[in-house]
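Undergrad: turn this into a model:
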Amino acid sequence: MVLLSLAALSLSAQVVETEPAPAASAEVETAEASPVLKFGYLSYDEVVKMSPGYDEAQQTVASLRDAYERELERSEEVFSKQFSEYVDGQKTFPENILLKRQNELRQTMEQSLQFKREAKALLDEKEKEVMDALYVEVDRAIRAIGLERGYAFVLNTDGHACPFINVDLGEDITGLVLQRLKNKQ
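TA: Numbering: from 1, shown residues only. Below is the predicted model:
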């Protein structure tokens, strides 16, 4: 009796193994019936760096950075001069003048540090402002080309985000975007 039930169990297991799974064949049919999506791809960073407004944006930030650096150098020179005068007169100054000079040094140093923090914040803000304006232009050009060419999407290939692209299904639109940006100028 035990042998008979083992044989029956063995036979039913073989039948289950040989029958094709209906879900797998449905997936194959669905995949074959799916439409092929067209897409574009580009290196966003490359497009931004090659766009007509990039050099101007970088020059704007660089000139502002230079102005801040010159002012910081001037502040350091003022501090150095005050410190040198303090050291030179340290032994001859009465205590109240010595304390006054120490306070002046501390205030000059604090003002310099405060200016440095503010300058960095303002520089970062200006850089973001000019680059955001450039990004808006690049995004508009990408969107327009994507709509014109009937793409489902456009991939950014920066940062190894897309290690494989089937070039038969996608199109590198770097040149198209750059041409559109140059024509806009």
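
Undergrad: longest helix of the protein?
TA: helix 95-149 (DSSP state H).

Undergrad: quick one: contacts of the helix or strand that that one is followed by?
TA: Scanning forward in sequence from helix 95-149 by DSSP states H and E, the next helix or strand is strand 153-156. Identification of contacts with strand 153-156 by CB atoms under 8 Å, 6 or more residues apart in numbering yields 37, 39-44, 142, 145-146, 161-162, 165, 170, 173. C-betas here are computed from N, CA, C, even on glycine.

Undergrad: secondary structure element for the residue positioned nearest the centre of the chain?
TA: For the chain, the residue nearest the mean C-alpha position is Asp45 (8.3 Å; CA atoms, centre = their mean). Mapping Asp45 onto the secondary structure by DSSP H and E places it in helix 44-50.

Undergrad: ok, now which ones touch the residue lying closest to Lys116 once chain neighbours are set aside?
TA: Distance criterion CB to CB, 6 or more residues apart in numbering; nearest residue to Lys116, sequence neighbours excluded, is Leu72 at 6.1 Å. With CB under 8 Å, 6+ apart as the criterion, the residues that contact Leu72 are 112, 115-116, 119.

Undergrad: from the residues you listed, list the buried ones, please.
TA: Among the contacts of Leu72, those classed as buried by 16 or more other CB atoms under 10 Å are 112, 119.

Undergrad: for the helix holding Asp45, packing partners?
TA: Applying 3 or more CB pairs under 8 Å, 6 or more residues apart in numbering; DSSP states H and E, one finds that helix 44-50 contacts helix 95-149, helix 174-184.

Undergrad: cutoff 10 Å now
TA: helix 54-89, helix 95-149, strand 153-156, helix 174-184 (3 or more CB pairs under 10 Å, 6 or more residues apart in numbering; DSSP states H and E).

Undergrad: burial of Glu148, as a residue count?
TA: By other CB atoms under 10 Å, 10 other residues sit near Glu148.

Undergrad: same list (the helices and strands packed on helix 44-50) but as a markdown table, adding mean pLDDT.
TA: Output for the helices and strands packed on helix 44-50, formatted as a markdown table (pLDDT from 0 to 100):
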| stretch | mean pLDDT |
| --- | --- |
| helix 54-89 | 93 |
| helix 95-149 | 95 |
| strand 153-156 | 96 |
| helix 174-184 | 94 |
